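1. Here is my input; please provide its structure:
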Amino acid sequence: MAEFMDIHHGMKGITAEQLREAHNADLAIEGQENVHFTRAWADPDAGDVFCLSEAPSAEAVQRVHERAGHKADEIHPVPLTI
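-> As a prediction, this is how the structure comes out:
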């Protein structure tokens, strides 16, 4: 399965609790698309949220995010990690 990093912009001021709620919303339905979200980070000052996932495609990642109520602005494949 491929890895993807997605970015959500415009979430300035997001709290740890809001990030946890959004991540949990993804986790609740990720299996419907054979996606697994492994981690999420946020920069509340910049308003950016980053999510790392394993998925069959970027489109599958986006479908989960859309159904969870927070469409990703960017999705990037992660073809190389160490």
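2. Quick check: what element follows the longest helix seen in the chain along the chain?
-> Ranked by residue count and defined by DSSP state H, the top helix of the chain is helix 16-29. Moving toward the C-terminus from helix 16-29, the next helix or strand (DSSP states H and E) is strand 36-43.
3. Next, the buried residues of the next helix or strand after that following strand.
-> Where DSSP H and E defines the elements, the next helix or strand beyond strand 36-43 is strand 48-55. Judged by neighbour count (16 or more other Cβ atoms under 10 Å), strand 48-55 contains these buried residues: 48, 49, 50, 51, 52, 53, 54, 55. For the C-beta atoms, the positions are set from N, CA and C on the backbone; glycine is no exception.
4. now for these, which pair is the farthest apart?
-> Greatest spatial distance in those: 48 and 54, 21.2 Å, computed using Cβ to Cβ.
5. who's the residue nearest to the spatial centre of the chain bridged to?
-> In the chain, the C-alpha nearest the mean C-alpha coordinate belongs to residue 51, at 3.6 Å (Cα atoms, centre = their mean). Under DSSP bridges, the beta-bridge partners of residue 51 are residue 6, residue 40.
6. residue contacts, it?
-> 5, 6, 8, 23, 26, 37, 39, 40, 41, 61, 65, 72 (Cβ atoms under 8 Å, 6 or more residues apart in numbering).
7. which of those residues count as buried?
-> 5, 6, 8, 23, 26, 37, 40, 61, 65, 72.
8. Could you single out the nearest of the residues you listed to residue 79?
-> residue 5 (11.0 Å).
9. what ranges of this protein fall below the confidence cut-off?
-> Judged against pLDDT under 70, the chain has no low-scoring part.
10. and residue 4, what are its phi and psi?
-> phi -140, psi 140 (degrees, to the nearest 10).
11. Any chance of the contacts of residue 51 in JSON lines with distance to residue 78 as columns?
-> Conversion of those to JSON lines gives the following (distance: Cβ to Cβ, whole Å):
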{"residue": "5", "distance to residue 78": "5"}
{"residue": "6", "distance to residue 78": "10"}
{"residue": "8", "distance to residue 78": "17"}
{"residue": "23", "distance to residue 78": "18"}
{"residue": "26", "distance to residue 78": "17"}
{"residue": "37", "distance to residue 78": "13"}
{"residue": "39", "distance to residue 78": "12"}
{"residue": "40", "distance to residue 78": "15"}
{"residue": "41", "distance to residue 78": "14"}
{"residue": "61", "distance to residue 78": "11"}
{"residue": "65", "distance to residue 78": "16"}
{"residue": "72", "distance to residue 78": "14"}
